[in-house]
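**Student:** 3D model of this:
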Amino acid sequence: CTLDHEHGPNCVRPTGSCSHDHQKEWQIYEKSTSEKIKAADRFRQEGNEAYRKNNYGLASVHYRKALLQFDYTFADTPEEEKQVDDVKLPCLLNLAACKCQQEEWDEVLTQCRLALEVNPRSVKAFYRSGLAHLARDNFELAKDTLTSALEIEGKNPEVLAALRQLRKNMEDYKVRRREVAAAMVSGEGGEPTEADGAGEVPESDVLQCAATSEQDRTEASEDEADTSADEMPAEVESTLRKRRPHVGSSEAEAKEKEADVDEDAEEDAEALGLEQRKTLNCLLTAAACLGVVSVSACVLAFSSAG
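**Tutor:** Have a look, this model is predicted:
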């Protein structure tokens with residue numbers, strides 16, 4: 001909440017300024033800087049004790065309590081500022097170490113960033129940031145941060161071990177990429193294995209599908225022809241008889257009738273080809289949905305469709 005007056009010795013917090021109780025924060029604020037530093041150092045030592053017992057959750061709580069003291073601390077002299085930094089920096093680094101053990105990498109990066117604001121040459125801050133990036137396979141960021149730590153302290157064994165692990169992880173990643181690429185190439189160009197053939201459509205099913213489709217199409221055509229022959233109206237039949245060529249028709253009329261017959265034949269052939277293509281597309285679509293179909297199966301399916 002926002003206070004509408006200045007802070008001072010006789011400062012009174014307005015009641016009802018907000019619903020949250022800030023009594024503890026108010027107590028911290030009213031302490032002197034030296035008292036805050038002592039309280040923070042006490043919480044830091046309690047956090048160290050919990051860390052040595054591998055109780056990283058409790059240690060994190062103590063380190064956060066220590067850091068809370070500095071949220072309300074404003075050093076008046078360079079000496080006080082140095083005393084604050086001397087306690088604040090290890091709390092930030094130790095909290096980052098706890099989060100490394102808990103694998104909370106976002107929190108690790110946050111605490112290391114705050115530590116580098118206090119000391120831009122903190123080897124531990126660079127090192128633990130590098131561990132966070134390494135755990136996430138962010139190889140370039142891990143390399144940059146670990147290299148920065150090595151530039152400050154060239155013989156640090158922990159940093160050197162992390163760099164060796166980084167090189168190993170990069171090599172393993174390259175090997176995995178090559179294996180995946182080889183598997184993709186062999187899967188596209190090679191013969192399907194038994195595992196790949198689990199989803200393959202058998203050729204007998206394809207041929208049966210083609211024969212069924214062709215039989216249905218033939219039966220539909222026959223039914224249509226029978227219906228046309230049985231239900232042809234007398235008026236239509238009379239009209240067709242009138243349109244038949246008579247004996248003694250002119251040569252021009254005969255050529256015109258011949259041209260009509262050729263056009264009808266071309267239309268029938270085109271319709272038949274379209275039907276065959278539809279049947280083949282149906283088969284290929286079904287095969288693509290169910291798995292990989294061999295070339296011989298497609299050829300036999302097309303022959304059956306024809």
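**Student:** I'd like to know how far C91 sits from W105.
**Tutor:** Applying Cβ to Cβ, to the nearest Å, the value for C91 to W105 is 19 Å. No exception for glycine: its C-beta is placed from N, CA and C like everyone else's.
**Student:** Mind checking which of the two has more residues around it?
**Tutor:** For C91 versus W105, neighbours defined as other Cβ atoms under 10 Å are more numerous around C91 (27 against 19).
**Student:** and K155, what element?
**Tutor:** Under the assignment given by DSSP states H and E, K155 is not contained in any helix or strand.
**Student:** Distance check, it against D144.
**Tutor:** 20 Å.
**Student:** Which one's more surrounded, those two?
**Tutor:** Using other Cβ under 10 Å as the criterion, K155 and D144 rank with D144 on top: 14 against 7.
**Student:** phi, psi of the more buried one?
**Tutor:** phi -60, psi -50 (degrees, to the nearest 10).
**Student:** Tell me the pLDDT of it.
**Tutor:** In the predicted model, D144 carries a pLDDT score of 96.
**Student:** next one: the one 4 residues further on
**Tutor:** At S148, the predicted lDDT confidence score is 96.
**Student:** Tell me which residues touch it, please.
**Tutor:** Counting by Cβ atoms under 8 Å, 6 or more residues apart in numbering, S148 touches F126.
**Student:** what's the helix or strand for it?
**Tutor:** Following DSSP H and E, one finds S148 within helix 139-152.
**Student:** buried set for that helix?
**Tutor:** Across helix 139-152, burial judged by 16 or more other Cβ atoms under 10 Å covers 142-143, 145-146, 148-150.
**Student:** Tell me how many other residues surround D172.
**Tutor:** D172 has 10 neighbouring residues, counting by other Cβ under 10 Å.
**Student:** what does R42 give?
**Tutor:** Number of residues near R42 (other Cβ under 10 Å) recorded here: 15.
**Student:** That one: helix or strand, and which one exactly?
**Tutor:** In this assignment (DSSP H and E), R42 forms part of helix 33-52.
**Student:** For that helix, which helices and strands make contact with it?
**Tutor:** Counting contacts by 3 or more Cβ pairs under 8 Å, 6 or more residues apart in numbering; DSSP states H and E, helix 33-52 is packed against helix 56-70, helix 78-101.
**Student:** Would you tell me which of those helices gets closest to E49?
**Tutor:** helix 56-70 (8.1 Å; Cβ to Cβ).
**Student:** neighbouring contacts of the closest one?
**Tutor:** With contact meaning Cβ under 8 Å, 6+ apart, helix 56-70 is reached by 28, 31, 36-37, 39-44, 46-48, 50-51, 84, 87-88, 91-92, 94-95, 98-99, 101-102.
**Student:** Quick check: ChimeraX command selecting the buried ones in these.
**Tutor:** Only the buried entries of the contacts of helix 56-70 go into this ChimeraX selection, using 16+ other Cβ under 10 Å:
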select :28,36,37,39,40,41,43,44,46,47,50,51,84,87,88,91,92,94,95,98,99
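**Student:** now L95, nearest residue through space, not along the chain?
**Tutor:** Closest residue to L95 apart from its sequence neighbours, by Cβ to Cβ, 6 or more residues apart in numbering: Y63 at 4.2 Å.
**Student:** I'd say V87 and Q45 touch.
**Tutor:** No: the criterion here is Cβ atoms under 8 Å, and V87 misses it with Q45 at 10.3 Å.
**Student:** Q83 against K38, yeah?
**Tutor:** No: counting by Cβ under 8 Å, Q83 stays clear of K38, with 10.0 Å between them.
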